[in-house]
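Trainee: Here is my input, please return the structure:
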Amino acid sequence: FNVHRRPTDVAYTMVNIYPDDNAPEKHRYIKVQCMHCNDPACASACIVGAFRKTEKGPVTYDAWKCMGCRYCMVACPFQIPAYEYKNALTPQVRKCTFCVERITSEGKKPACVEICPNEALTFGTRRQLLELAHERIKQMPERYFDHVYGEYEVGGTSWMYLASTDFSQTELPKLDSRPIPETTESIQHGVFKSFVPPIALYGLLALATHSLKKKDGDHDERS
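Mentor: Next comes the predicted model:
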């Protein structure tokens, strides 16, 4: 707990501990997982459409479409997606699935919400959760800091947090309300419009690599 960890390819969620400087005997615990953004940067960065935001909230991943470029890992402002580097044959990107099958096909809550003994996690529609969060802040201002993390950050997220302190005292990133894709897509589209599409870039790269290998081979033969 004392090391602030991020999810891995085998652990989709982590719980980190944050000591309270004003009360050393108290600690805050923060669960870290995919935030399932309303406008996910991972989906915007993926050039094959392996990530998709669903109506129910989860951002899903299609391993059959994934080409392993890992642009999603670079794009995520929360540094969540993990890669199966130890899987040499069929590596995939891994992250919290929001228990999409449970909440869509089976009508259940996510497993972490259902198993939490202290009911620190709550599941419902985004509107319901925001109403509940702001009501708790209003009713117990001495307990909750007046900020629902995830309400506006990067355009809003499906996972949101309440805490007793300013979130700047945690490792949750400080982000503005503008969705990441609004910036990245304008840059990408400008680059592709002015130059060449990604497939052509890969083709040029392959051709250049082949030419370099051929020259090296010719050089070796002459040596």
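Trainee: How many residues are close by the closest residue to residue 37 other than its chain neighbours?
Mentor: Distances taken as Cβ to Cβ, 6 or more residues apart in numbering put residue 157 closest to residue 37, at 5.0 Å, once the chain neighbours are dropped. Using the backbone N, CA and C atoms, a C-beta is placed for each residue, glycine as well. Using other Cβ atoms under 10 Å, residue 157 is surrounded by 24 other residues.
Trainee: Now residue 42: phi and psi?
Mentor: The phi and psi values for residue 42, taken as degrees, to the nearest 10, are phi -60, psi -40.
Trainee: Just the pLDDT for the residue nearest to it when sequence neighbours are not counted.
Mentor: With Cβ to Cβ, 6+ apart as the criterion, residue 42 has its nearest non-adjacent residue at 3.8 Å, and that residue is residue 72. In the predicted model, residue 72 carries a pLDDT score of 95.
Trainee: tell me the SS of residue 72?
Mentor: Following DSSP: H, G, I helix; E, B strand; the rest coil, we place residue 72 in the helix state.
Trainee: Next up, the contacts around it.
Mentor: With contacts taken as Cβ atoms under 8 Å, 6 or more residues apart in numbering, residue 72 has the following neighbours: 41, 42, 43, 45, 46, 50, 51, 81, 93.
Trainee: List only buried entries from those residues.
Mentor: 41, 42, 43, 45, 46, 50, 51, 81, 93 (16 or more other Cβ atoms under 10 Å).
Trainee: for the chain, what spans make up the helices?
Mentor: Per DSSP state H, the chain has helices spanning 41-45, 71-75, 100-104, 111-115, 126-139, 180-194, 198-222. These are given in chain order.
Trainee: Serialize the buried ones among the contacts of residue 72 to JSON lines and add fields for distance to residue 122 and pLDDT.
Mentor: As requested, the buried ones among the contacts of residue 72 are exported to JSON lines (distance: Cβ to Cβ, whole Å; pLDDT from 0 to 100):
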{"residue": "41", "distance to residue 122": "25", "pLDDT": "95"}
{"residue": "42", "distance to residue 122": "25", "pLDDT": "96"}
{"residue": "43", "distance to residue 122": "25", "pLDDT": "96"}
{"residue": "45", "distance to residue 122": "30", "pLDDT": "93"}
{"residue": "46", "distance to residue 122": "30", "pLDDT": "94"}
{"residue": "50", "distance to residue 122": "30", "pLDDT": "97"}
{"residue": "51", "distance to residue 122": "25", "pLDDT": "98"}
{"residue": "81", "distance to residue 122": "25", "pLDDT": "98"}
{"residue": "93", "distance to residue 122": "28", "pLDDT": "98"}
